[in-house]
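>>> dropping a prediction and its sequence here:
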Amino acid sequence: MKPPDVKSAPGPGLTLFAGLLVLCCAPVLTWLLRVPELAGVQEMRPLAAWPDWRATKFEKWPAAFEAWLGDHFPSRTRVVQWYGIVRHRWLGEPSARVVVGRDDWLFYSGEMTVEDLLGRDRLNADELTRWQRAVEGRRAWWRERGAAYLLVIAPNKSTIYPEKLPAFLRSQARTGKLDQLVDHLSGQKSPVAVLDLRPALLAGKARQLLYWPTDSHWNAEGLAVACEAILTRLPELGVPRRAREEQAWTRIEPATREGDCIGLLTMTGRWPLAPVSQLRLQFPPDLRAVPTAASEFPVWRGVGPWAQPQTS
């Protein structure tokens, strides 16, 4: 007996072909339907410009056109953002300049910060000697002008919150350049006064959050802890501690904002946020800035009036 005809269901090959066809046609469809691009998707590099027929050689024009098309095809911002969501938010993969940590924390990884965290970016003997000469020279410059000099170096966020790092970095963390410099100045019995903020910040984090989870900087609470540590150290240098008046024109309040690392991931508007303390300044109406002798220091020359040290 001849078996009845049975229509076979479409195989996986046909489904895959249909999916690829939809993906290939999606940019054209969004262009025909005038679907707007997403706002707030930051690009961390300048996009390719339309190639100039006159300025571009004929043999280089196809590559220039391909670069322009890759940076300007319809719905590119949506593709970029969804790529970031899948790669960074769901899979927790790092980018070239940001490491995705635990509990949605982000760590800036540019400027050799990861290499320093892993103990792979070390200062050699010559660099340590130049550091010592530089800070001792600054101390001497200030002493000639009747001022004390205190060397304060702010630690990276990963130093204070190593538990928020991904496991593959947390397990390989080593001492970095900050330890090298502090140990070198101490071993050489340098006269420079050094304040290591790490003990104060590590103690303070037990009471409140000190850094922005999505930024590389400390928040208002971290700033307050560092400020108190500096003011506590100044009397040892002969600097009298005056009564503090900043409570009259400053306050700490919760704020929700996106940190710089979110922008570096092109994840603006797509990363979970929580309120973090922020410093608000309300200066009295009679406050005026007065340039100080610190403006003569070579470090400050040529940087513009916005960065000049001032007092009130």
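Noted; the coordinates are in hand. Just so it is clear, the model here is predicted, and its values are computed rather than measured.

>>> and the pLDDT for the nearest residue to residue 284 once chain neighbours are set aside?
Counting by C-beta to C-beta, 6 or more residues apart in numbering, residue 249 is the residue found nearest to residue 284 once chain neighbours are left out, at 5.8 Å. (C-beta placed from N, C-alpha, C; glycine too.) Looking at residue 249, its pLDDT is 79.

>>> check the gap between residue 249 and residue 282 for me.
From residue 249 over to residue 282 the distance is 5 Å, taken as C-beta to C-beta, to the nearest Å.

>>> for residue 129, which residues are in contact?
If you count contacts by C-beta atoms under 8 Å, 6 or more residues apart in numbering, residue 129 has none.

>>> which strand or helix spans it?
Using DSSP states H and E, residue 129 sits in helix 125-143.

>>> helix/strand/coil for residue 261?
Following DSSP: H, G, I helix; E, B strand; the rest coil, the label given to residue 261 is helix.

>>> might you report the residue contacts of it?
Contacts were defined as C-beta under 8 Å, 6+ apart; by that measure residue 261 touches 98, 106, 107, 108, 214, 215, 216.

>>> look up how far residue 157 lies from the closest residue to it other than its chain neighbours.
Computed as C-beta to C-beta, 6+ apart, the closest residue to residue 261 that is not its neighbour in sequence is residue 106, at 3.7 Å. Using C-beta to C-beta, residue 106 is found at 9 Å from residue 157.

>>> try residue 234
Per C-beta to C-beta, residue 234 is found 26 Å from residue 157.

>>> neighbours around residue 162, how many?
13 (other C-beta atoms under 10 Å).

>>> before we move on, what about residue 160?
Close neighbours of residue 160, defined as other C-beta under 10 Å, add up to 20.

>>> picking up where we left off before, residue 234 and residue 157: who's more crowded?
More crowded of residue 234 and residue 157, by other C-beta under 10 Å: residue 157, with 27 against 15.

>>> pretty sure residue 113 is one of the things the more buried one touches, is it not?
No - with contacts counted by C-beta atoms under 8 Å, residue 157 stays clear of residue 113, the gap being 9.3 Å.

>>> shared neighbours, those two?
Common contacts of residue 157 and residue 113 (C-beta under 8 Å, 6+ apart): residue 107.

>>> what about the strands in this protein?
Per DSSP state E, the chain carries strands over the ranges 98-100, 106-108, 150-153, 193-196, 250-255, 276-281, 290-291, 310-311.

>>> deepest of the ones you listed, which one?
strand 106-108 (a mean of 25; mean count of other C-beta atoms under 10 Å).

>>> who does that one pair up with?
Strands that pair with strand 106-108, judged by DSSP bridges, come out as strand 98-100 (antiparallel).
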